[in-house]
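**Q** No sequence on hand, only this structure:
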């Protein structure tokens, strides 16, 4: 259970799931837990971890850094690897 983190989501009911935060599971999706990503629309997001999406396929869940979505995670419904989907890593 040390690699699992409970999060709230915007895409599920009930709205709590467990995501896997291990590097081994996250890296194929392009990011690791707690990394900051910049979405294709320019919004920043905190990477949470990997868990099945609504269709049962594993996806990377992230929390958009915005007051309206604070504390709730979602996922991208396109390419599984977020870098291939146009997400970028935030650099200092």
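**A** Looks like it arrived, so ask away. This one's a predicted model, so the numbers in the text were calculated from it and none came from an experiment. Numbers count the residues shown, from 1 in each chain.
**Q** Residue 9 - how many residues pack around it?
**A** 21 (other C-beta atoms under 10 Å). (Glycine included, C-beta is placed from N, CA and C.)
**Q** actually residue 59, not the one I typed
**A** By other C-beta under 10 Å, the residues close to residue 59 number 21.
**Q** how distant is the helix or strand containing it from the center of its chain?
**A** Assigned by DSSP states H and E, residue 59 belongs to strand 58-64. In this view, strand 58-64 has its centroid 2 Å away from the chain centroid, taken as C-alpha atoms, centre = their mean, to the nearest Å.
**Q** right, and the helix or strand after that strand?
**A** Downstream of strand 58-64, the first helix or strand assigned by DSSP H and E is strand 74-75.
**Q** helices or strands next to that next one in the packing?
**A** strand 58-64 (3 or more C-beta pairs under 8 Å, 6 or more residues apart in numbering; DSSP states H and E).
**Q** got the contact list for the strand it packs on?
**A** Contacts of strand 58-64 with the rest of the structure, by C-beta atoms under 8 Å, 6 or more residues apart in numbering, involve 7, 9, 17, 19, 26, 29-31, 37, 39, 43-53, 69-76, 80, 82.
**Q** Of those residues, grab the buried ones for PyMOL.
**A** Filtering the contacts of strand 58-64 down to the buried ones (16 or more other C-beta atoms under 10 Å) takes a single PyMOL command:
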select buried, resi 7+9+17+19+26+29+30+31+37+39+45+47+48+49+50+51+53+73+74+75+76+80+82
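**Q** mind checking how far stretch 72-90 is from the chain centre?
**A** For stretch 72-90, the distance to the chain centre is 7 Å (C-alpha atoms, centre = their mean).
**Q** Nice, that's everything, thank you.
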